[in-house]
Structure formats: C-alpha cells, structure tokens
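Student: okay, sequence plus prediction incoming.
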Amino acid sequence: MVYRTSVFGLLALALLVSGVSVSASQRMTGVRESQVNDGINSRRDTLLLAQRGNVNENKWFAGVLQSCTRVAKSVKCSVVVRSTEDLGAYVYCGYDNITRLFDIYGNVYPCGQIQIGNQKSEGDRSGLSSRFPQGTPVKVILTFNNVSNQVNEFDTLELHFQYKEFLRFKNIKLPS
C-alpha cells in the first residue's frame, strides 16, 4: 500500500500536533504556576525564607523561625509570621502554657514573655492581640525561662494563635 499525503495535509497535521503539544504545555505550565503562586505572598517568598530558617504554615499563617539564642537562663526565639488574609489574632504566650518549647530530653518550657512590635506581655496569663496584614511580615519574639545551660537542642517550638491553630517548628539548635 502506498499512502499519498499532500503538503497541505502534512502542514495541517503538523499544526494539529504542535497545537496539541502547545495546549498540553500551557496546561502543564498552568499547574506549575498555580503551585508556585499558591500560598502566602507567593510560595516563592516562603521558599526563599525557608532557605534561611525553619518554616511552618497552616491555613491562616506561615512562619519562619529566624533564630533561637540563649540569654542567661532563658532562650529567646524570633519568628516572622505572615498571614494569608488581613487578620486580627490573639497570640498566646504563658496563657494555659500553650506556646511551648520542647527540648530533646523531654522537658517542656512554657513561654514566659512575648513581644510583637513595641508591645510586650509576660507572665502566666500573657499573650498579645495584634493585627496581621495579609502577606506582611510581623516579627514575634518569644522568651522561654529556666532553660538549663546544658540544653542546646530543642525538638519542637509550638506557637499558638487563638482560634487559628498553631505553627510548629522542629529541630532547633542554639548557636555554639
């Protein structure tokens, strides 16, 4: 059998095939773009921040644990938080011992002081209410007291928001 194909037929076939591949390519690109742009202030920003620290996110917030440092018998941790939408939120510290730092030996340290901007609160019932503009970085500084000088590694830091779940950071090492 001999098949004869005109130049027009080949051109039409080439356009059809290339059109399908362009369309499929566009669909694939669309998936990648939606995955990249999904999240808080674009996933790109979160990934860039992740290179500098320990990152966690939930439905309302993304946080980057910038650092934890020892100050005498305390450990001070700095977290930059971005919200998915304009939110007012109460950030727990000492209230019900719900914002906590867990060392690798199983000891739990409740938050003793919280600072957001120029606001500070400390003690057993401490916490702060703050506005979190969508996508804007807000620094939260937490202090945990009575931490042994022998402890230089922590398993988990949990930062709790009223009605907004929590952010959890893992594998935290103090600088030597």
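Tutor: It's in.

Student: residue contacts, Ser126?
Tutor: When contacts are counted by C-beta atoms under 8 Å, 6 or more residues apart in numbering, Ser126 touches Cys93, Gly94, Tyr95, Cys111, Gly112, Gln113, Ile114. C-beta here means a position set from N, CA and C on the backbone, and glycine is covered the same way.

Student: let's go with 6 Å and repeat that
Tutor: Remark: with contacts taken as C-beta atoms under 6 Å, 6 or more residues apart in numbering, Ser126 is in contact with Cys93, Gly94, Ile114.

Student: quick check: closest non-adjacent residue to the second one.
Tutor: Counting by C-beta to C-beta, 6 or more residues apart in numbering, Gly94 lies nearest to Ser126, which is 4.1 Å off, once chain neighbours are set aside.

Student: quick revisit: rebuild the contacts of Ser126 as CSV, extending it with pLDDT and secondary structure.
Tutor: As requested, these are exported to CSV (pLDDT from 0 to 100; DSSP: H, G, I helix; E, B strand; the rest coil):
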residue, pLDDT, secondary structure
Cys93, 93, coil
Gly94, 85, coil
Ile114, 96, strand
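
Student: for this structure, which segments count as helices?
Tutor: Listed in chain order, the helices of the chain (DSSP state H) span 7-37, 43-50.

Student: pick out the shakiest of the ones you listed, pLDDT-wise.
Tutor: Within those, the stretch with the lowest mean pLDDT is helix 7-37, showing a mean of 36.

Student: gap between the residue nearest to Gly94 and Asn171?
Tutor: Counting by C-beta to C-beta, to the nearest Å, the gap between Ser126 and Asn171 amounts to 26 Å.

Student: for Leu159, same thing?
Tutor: Taking C-beta to C-beta, one finds Leu159 at 16 Å from Asn171.
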